[in-house]
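>>> prediction below, plus the sequence it came from.
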Amino acid sequence: MSETLADLGEAELLRRLSHFAPAGQLDDDTACLTADPRPLLVNTDVLVDGIHFSEATTDPTDVGWRAVAANLSDLAASGAETVEGVTVALVAPGNTPWDWVNGVYQGMSEALHRHGGVLLGGDCSDGAQRLLSISALGRLGSLHLHRSQARPGDVLVVSGPHGLSRLGLALLQNDPAVTSQSIPESLRKQAVQQHRRPSPRFDALQALVRSKPKSLPWRAGGTDSSDGLLAAVEGLCKSSACGAVLDRAQLPRPQNWPMGSPWDHWCLAGGEDFELVLSLPPEWVSPWLELVPGAQRIGNISSDPVGVRWSDDQSVIHSHGFAHYGNP
């Protein structure tokens, strides 16, 4: 029978978790970062069992990977060029198996090894429900991406296709709506992999910095599509007091993606795609697209404050993405 957290006790749990951090890192209640002239970017995400992950669809190592990837995606979408690390607060009932916790921290370590940073510290507590609260810290590079920096005349671009993670979740849940569909095996595998192991798009950010025309200032609007593509575009528009026009034909559908309204909804609002959604001056677009396979234009920023519209009939797009407290 697997050991539980109640069997281990706090001291032994912390001793075991210390193996996932640099030697001596968890000996104190604080982490000391080396002085650096670059601004420090910080973000925090909370992942709750039954809402953001479940044992039915997500292995412990994938829970850990996804938890780190979600935070690092926010850093990439803000312009972080390096990752310092993460702090982790773990809440779990005493009957939680140690093997589950070990798997979660192993997945976090794998993600940090891939993308940079270390486990800086954190806390553990008993609680009625499994929960991970992660704070990630990174150093800002030469381009500070922000939702408020979109401007009318900009081109909207994305770093990759959308909808894969939502399809992957449906497949893992054996949703009849997709299991009965004739979906190519290659697309099925790609979707499940995207759901289990998303990658923050630091590569696309680095390409953006390299491709900036010298004649342009360091100004670009940016966010990621963790809550869905449409939610990301709406966030850019709201913060920048602008509107947007999307082209139906240029929706970033994955290769072999089925056609039709339900599938376009998942492309627009499936969520957890973790791609960069950028608002760029027109001169910056082609140089960036040439460096990022799978990236594409999806529309333009407009001066219309009404919201996000389709280019063909000017209708307002309504397609709710993930809502933390449910859609009204």
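Everything's here; your move. Quick caveat: nothing in here was measured; it's all calculated off a predicted structure.

>>> so for stretch 136-150, what's the average pLDDT?
Predicted confidence along stretch 136-150 averages 97 (mean pLDDT).

>>> how far off centre is that stretch?
Chain-centre distance of stretch 136-150: 15 Å, with C-alpha atoms, centre = their mean, to the nearest Å.

>>> repeat for stretch 204-211
Per C-alpha atoms, centre = their mean, the displacement of stretch 204-211 from the mean C-alpha position of its chain is 18 Å.

>>> that one: which residues count as buried?
Residues 204-205, 207-208, 211 are the ones in stretch 204-211 that count as buried (16 or more other C-beta atoms under 10 Å). (Glycine included, C-beta is placed from N, CA and C.)

>>> quick one: which of the residues you listed is nearest residue 71?
The shortest separation between residue 71 and any of the buried residues of stretch 204-211 is 14.9 Å, and it belongs to residue 205 (by C-beta to C-beta).

>>> ok, residue 136 touching residue 74?
Yes. With contact defined as C-beta atoms under 8 Å, residue 136 counts as touching residue 74 (7.1 Å).

>>> quick one: the residue lying closest to residue 57 once chain neighbours are set aside from residue 221, how far?
With C-beta to C-beta, 6 or more residues apart in numbering as the criterion, residue 57 has its nearest non-adjacent residue at 4.1 Å, and that residue is residue 172. Distance, residue 172 to residue 221, using C-beta to C-beta, to the nearest Å: 33 Å.

>>> picking up where we left off before, could the buried residues of stretch 204-211 go into CSV alongside secondary structure, pLDDT and distance to residue 167?
Converted to CSV, the buried residues of stretch 204-211 look like this (DSSP: H, G, I helix; E, B strand; the rest coil; pLDDT from 0 to 100; distance: C-beta to C-beta, whole Å):
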residue, secondary structure, pLDDT, distance to residue 167
204, helix, 98, 21
205, helix, 98, 25
207, helix, 98, 26
208, helix, 98, 27
211, helix, 98, 30
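
>>> and of these, the nearest to residue 31?
Set against residue 31, the nearest of the buried residues of stretch 204-211 by C-beta to C-beta is residue 205 (24.6 Å).

>>> from residue 292, how far off is that closest one?
In this structure, residue 205 and residue 292 are separated by 10 Å, where distance is defined by C-beta to C-beta.

>>> and residue 110, by the same measure?
Here the criterion is C-beta to C-beta. By it, residue 110 lies 24 Å from residue 292.

>>> quick one: the helices in the stretch 201-328 of the chain?
With DSSP state H, counting those that start in this stretch, the ranges of helices along the stretch 201-328 of the chain come out as 202-211, 229-240, 261-269, 282-291.

>>> show me what counts as buried in the last one.
Residues of helix 282-291 classed as buried: 284-285, 288-289 (neighbour count, 16+ other C-beta under 10 Å).

>>> same check on the shortest one?
Using 16+ other C-beta under 10 Å as the burial criterion, the residues of helix 261-269 that qualify are 263-269.

>>> which elements pack onto that helix?
Helices and strands in packing contact with helix 261-269 are listed as helix 229-240; criterion 3 or more C-beta pairs under 8 Å, 6 or more residues apart in numbering; DSSP states H and E.

>>> just the CA trace of the helix it packs on, in CSV.
Output in CSV follows, covering the C-alpha atoms of helix 229-240 (Å, rounded to 0.1, in the frame of the first residue of the first chain):
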residue,chain,number,x,y,z
LEU,A,229,-8.0,32.7,-28.4
LEU,A,230,-11.1,34.9,-28.4
ALA,A,231,-10.5,35.8,-24.7
ALA,A,232,-6.9,36.7,-25.5
VAL,A,233,-8.0,39.0,-28.3
GLU,A,234,-10.7,40.6,-26.1
GLY,A,235,-8.1,41.2,-23.4
LEU,A,236,-5.9,43.0,-25.9
CYS,A,237,-8.9,45.1,-27.1
LYS,A,238,-10.1,46.0,-23.6
SER,A,239,-6.8,47.0,-22.2
SER,A,240,-5.9,49.0,-25.3
